[in-house]
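Engineer: I need the structure of the sequence given here:
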Amino acid sequence: MPFHPGNGVWSPDSRQFLFQSKASDTSVPNNSDIFVYNLEGGTITTVVESPFFDSDPVFSPDGKSIAYASDIDGNFEIYSRILATGETKRLTYNPGHESFPTYSPDGTQIIFNSDGEKENNDVYLMNVDGSNVRKITDAPGWDAAPPNSWSPDGTQLLVLSDRSGKENIYLMNIEPYAPRRIAANVESDQPLAPSYSPEGDRIAYQLPNEIRIFDINSQTDKLVMKTVAAANPKFSPDGSKILFPERIDENTEICSVNIDGSGFTNLTQSPSRDISPAYSPDGTRIAFSANRASGTSTYEIYVMNADGSEPRLVYGDRAMSVGPTWSPDGRSLVFANDREDGRVGNFELFSIDLDGGTEKRLTCRRYYDTDAAYSPDGSRIAFVSNADGNSEIYVMNSDGSGVLRLTRDTGNDVLPQWSPNAKKLIFTSDRTGRYVIYEMDL
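Structural biologist: Numbers count the residues shown, from 1 in each chain. Sure thing, here's the model as predicted:
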């Protein structure tokens, strides 16, 4: 190379690399700028140029932006820059020395190193816009995350540390999205199945033989009704009703009730077992699973009007099809099915267009993938999988690509649901020994 690159990193497509080097303006002492070298043409392009020390550059996963450290504002802070426009944003505001930012594999978060506390270098994590900064190492001595330290699934980090008295490399488990417990007094020996109201200010959930609503703002909750076997209660799109399965005369039916506990209605009134109901986005239809056609061990997907009329089969084969969830446009459903590979209980996620067409398999993983939930904009699907050991929350693009593990705990994390603004997920977990409700920012 006809130059001396420092801290070089590859572009996502491996056609370029980003590096820092001495600035072309040699009149300013200790001046460093950031450049891109194109392997095909051998050309060098300046991407950050200033009379200050710009360093530690890294590409975002999509290659459209970079993050880097600079002392342009008098102290070394982390900045991001959109390559096409040059738009630059300062991300950190800390009296310490920030260095070596690295994007998470999904591009939503950045780790970096800082000695801003106790004059001791530690590793920090923040959202890609600079919000929600938190310290993730706090050992005696120093800790530092080197470039390219994220694991491909975004749940582990390589960390350099002298915590043992000499420098070593450590592998650190991380929950990048830091779930926090809400509804402090709510806990159970069974999954609580929380789901947001349309406004996002209340949560419907289940206790054994009860449906309840928790008010997030006032931190109070109330009983909606006593039940026999209610599970997974969900608000109607207008927030006026709760939809749930209930056992009536030894048979499970799809039912609804007003949020004040009045107006209980059996919607299906069928001799079959009807489970997993979900309102369509406009509230006019309900999707559910039932064993109406092929015996007690086979469940198929049905859609009916919101008043229970005109049920019709939309998907069925000789397997278990459960947990339908609507796309935001109301045109398709995602559900779990265990037919593939002849392995009963190995649930995978499928989507099907309600206007016709064949189903599309979205996941192909060992063990099971269930509890699908579309994001409000339809771009992503949250789901549960035990492919890595125990039940954890994952998210993927709506076409099945880009699977990312969100939780990492020895407990079971299940039943995720999106907030109306798509910025949060709520779920239930027994990581404390009993099931409680957690919320995480995305």
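
Engineer: So which residue is dead centre in the chain?
Structural biologist: Geometric centre of the chain, nearest residue: Val395, 4.7 Å, by CA atoms, centre = their mean.

Engineer: Which helix or strand contains it?
Structural biologist: strand 392-397 (DSSP states H and E).

Engineer: which helices and strands does whatever helix or strand comes next after that strand pack with?
Structural biologist: Remark: after strand 392-397, the chain's next helix or strand is strand 404-405, criterion DSSP H and E. Counting by 3 or more CB pairs under 8 Å, 6 or more residues apart in numbering; DSSP states H and E, the packing neighbours recorded for strand 404-405 are strand 392-397. C-betas here are computed from N, CA, C, even on glycine.

Engineer: who's the residue nearest to the centre of the chain bridged to?
Structural biologist: Ala382, Leu404 (DSSP bridges).

Engineer: again, but for Ile34
Structural biologist: With DSSP bridges as the rule, Ile34 is bridged to Gln20, Val48.

Engineer: for Ala373, same thing?
Structural biologist: Ala382.

Engineer: just checking, it touches Ala382?
Structural biologist: Yes - in this structure Ala373 lies within contact range of Ala382 using CB atoms under 8 Å: 4.7 Å.

Engineer: what's the overlap in contacts for those two?
Structural biologist: Counting by CB atoms under 8 Å, 6 or more residues apart in numbering, the contacts common to Ala373 and Ala382 are Pro416, Gln417, Trp418.

Engineer: Serialize these to a markdown table and add fields for distance to Asn7.
Structural biologist: Shown next, in a markdown table, are these (distance: CB to CB, whole Å):
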| residue | distance to Asn7 |
| --- | --- |
| Pro416 | 38 |
| Gln417 | 42 |
| Trp418 | 38 |
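
Engineer: Quick one: mark the members of those residues that sit in strands.
Structural biologist: Pro416, Gln417, Trp418 (DSSP state E).

Engineer: In PyMOL, how would I select the buried members of those?
Structural biologist: Buried members of these, defined by 16 or more other CB atoms under 10 Å, are picked up in PyMOL with:
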select buried, resi 416+417+418
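
Engineer: Tell me where the stretch 301-442 of the chain has helices.
Structural biologist: With DSSP state H, counting those that start in this stretch as the criterion, the stretch 301-442 of the chain has no helices.

Engineer: Where does pLDDT dip in it?
Structural biologist: 340-345 (pLDDT under 70).

Engineer: per-domain residue ranges of this structure.
Structural biologist: 6-173, 180-441 (automatic domain parsing).

Engineer: Quickly compare those and say which is most buried.
Structural biologist: domain 180-441 (a mean of 18; mean count of other CB atoms under 10 Å).

Engineer: starting at the chain centroid, how far to it?
Structural biologist: Relative to its parent chain, domain 180-441 has a centroid offset of 16 Å by CA atoms, centre = their mean, to the nearest Å.

Engineer: Pull up the distance across that domain, start to finish.
Structural biologist: Distance across domain 180-441, first residue to last, is 9 Å (CA to CA, to the nearest Å).

Engineer: Please apply the same query to stretch 372-390.
Structural biologist: End-to-end distance for stretch 372-390, by CA to CA: 17 Å.

Engineer: how about Glu253, what does it touch?
Structural biologist: Glu253 neighbours (CB under 8 Å, 6+ apart): Pro245, Glu246, Arg247, Asn266, Leu267, Thr268, Gln269, Ser270, Asp274.

Engineer: And for Asn31?
Structural biologist: Per CB under 8 Å, 6+ apart, neighbours of Asn31: Lys22, Ala23, Asp25, Pro51, Phe52, Phe53.

Engineer: and of the ones in strands among the shared contacts of Ala373 and Ala382, the nearest to Asp33?
Structural biologist: Set against Asp33, the nearest of those by CB to CB is Trp418 (42.3 Å).

Engineer: Out of the contacts of Glu253, which two are the most distant from each other?
Structural biologist: So, the contacts of Glu253 by CB to CB: farthest apart are Arg247 and Leu267, at 14.2 Å.
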